[in-house]
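# sequence-free structure coming up:
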């Protein structure tokens, strides 16, 4: 929802892809609706000054008997979102909201593959992106190969488009509810390794992952041949 209009000055809320989001549920008394929107425009303008800001979605109450507004703010990564949530600027605005409008509830929502790794690193941070990418690649590659070699019918039977669609659906389901959560338990020490103290663990884990992918490639090559 765009808060800006020709009648009310304020920032235009642009729609882009989100990397991490926070959901704020605010109970707004009926007589304070206009004031809530004024404060919302102000806090959005403040958030726009932070690196990684993408957009804000604003949802009014579902019906006249309800008074809860839902605000969803999007940043392009979890770190950028955390910097905004922990900033003194936001704290000042939240104090104004609580004083003039009332209490609110906050929930953070990571998107994409990041949801699989939430909690893998302390303090709500996420592992480095290259570790996330390798942690996804490690189970994804054998999953796709097994489905292609042993499960899916030849593409000329149902067509390439339908065969790939079914294969992708199966791959995502297997990773989402099976392979990735289980594998990340094993990879947690490697995902948490950071800085000079964790360099040895990081390099050893990287070497093992690359070696594993190499062995899998060799095995699948033998099966195909």
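Arrived safely. For clarity, every value in this text was computed on a predicted model and none was experimentally measured.

# only C-alpha atoms for contact and neighbour calcs from this point on.
Noted.

# next structured bit after the helix or strand bottoming out on mean pLDDT in the chain?
The helix or strand of the chain with the lowest confidence, counting by mean pLDDT, DSSP states H and E, is helix 114-117 at a mean of 56. Tracing the chain C-terminally past helix 114-117 and defining elements by DSSP states H and E, one meets helix 129-146 next.

# other SSEs contacting that following helix?
For helix 129-146, the elements it packs on are helix 160-174, helix 180-192, helix 199-224, judged by 3 or more Cα pairs under 8 Å, 6 or more residues apart in numbering; DSSP states H and E.

# which outside residues touch the very next helix or strand once past it?
Once helix 129-146 ends, the next helix or strand along the chain (criterion: DSSP H and E) is helix 155-158. For helix 155-158, contacts defined as Cα atoms under 8 Å, 6 or more residues apart in numbering pick out residue 163.

# so how far is helix 155-158 from its chain's centroid?
The chain centroid and the centroid of helix 155-158 are separated by 35 Å under Cα atoms, centre = their mean, to the nearest Å.

# among the helices and strands packed on helix 129-146, which is the most enclosed?
Most buried of the helices and strands packed on helix 129-146, by mean neighbour count (mean count of other Cα atoms under 10 Å): helix 180-192, with a mean of 17.

# helices or strands up against that one?
Packing partners of helix 180-192 (3+ Cα pairs under 8 Å, 6+ apart): helix 114-117, helix 129-146, helix 199-224.

# Could you say which one of the ones you listed comes nearest to residue 85?
Across the helices and strands packed on helix 180-192, residue 85 has its closest neighbour in helix 114-117 (18.1 Å, Cα to Cα).

# Name the spans of the protein whose pLDDT lies under the cut-off.
Applying pLDDT under 70 to the chain flags residues 1-19, 62-66, 108-126, 224-225.

# Generate a markdown table for the helices and strands packed on helix 129-146, with distance to residue 95 as supplementary columns.
Converted to a markdown table, those look like this (distance: least, Cα to Cα, whole Å):
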| stretch | distance to residue 95 |
| --- | --- |
| helix 160-174 | 42 |
| helix 180-192 | 34 |
| helix 199-224 | 42 |
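
# and of these, who's closest to residue 103?
Closest to residue 103 of the helices and strands packed on helix 129-146 is helix 180-192 (Cα to Cα; 35.0 Å).

# centre of the chain versus the closest one, how much separation?
Relative to its chain's centre, helix 180-192 lies at 18 Å (Cα atoms, centre = their mean).

# let's have the chain start at 696 instead
Noted, 696 is the first residue going forward, which turns the last one into helix 875-887.

# what angle separates that helix from helix 824-841?
Using axes from the mean of the first three to the mean of the last three Cα atoms, to 10 degrees, the inter-axis angle of helix 875-887 relative to helix 824-841 is 150 degrees.

# which stretch among the helices and strands packed on helix 875-887 comes nearest residue 751?
Ranking the helices and strands packed on helix 875-887 by proximity to residue 751 (Cα to Cα) places helix 809-812 first, at 20.1 Å.

# how about residue 750, phi and psi?
The phi/psi pair for residue 750 (degrees, to the nearest 10) reads phi -170, psi 170.

# sorry, back to before: show me the one of the helices and strands packed on helix 824-841 that comes nearest residue 715.
Of all those, it is helix 875-887 that lies closest to residue 715, at 19.0 Å by Cα to Cα.

# so that closest one versus helix 855-869, what angle?
If you take the same axes, to 10 degrees, helix 875-887 sits at 70 degrees to helix 855-869.

# quick revisit: export the helices and strands packed on helix 875-887 to a markdown table and append columns for distance to residue 737.
As requested, the helices and strands packed on helix 875-887 are exported to a markdown table (distance: least, Cα to Cα, whole Å):
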| stretch | distance to residue 737 |
| --- | --- |
| helix 809-812 | 30 |
| helix 824-841 | 33 |
| helix 894-919 | 43 |
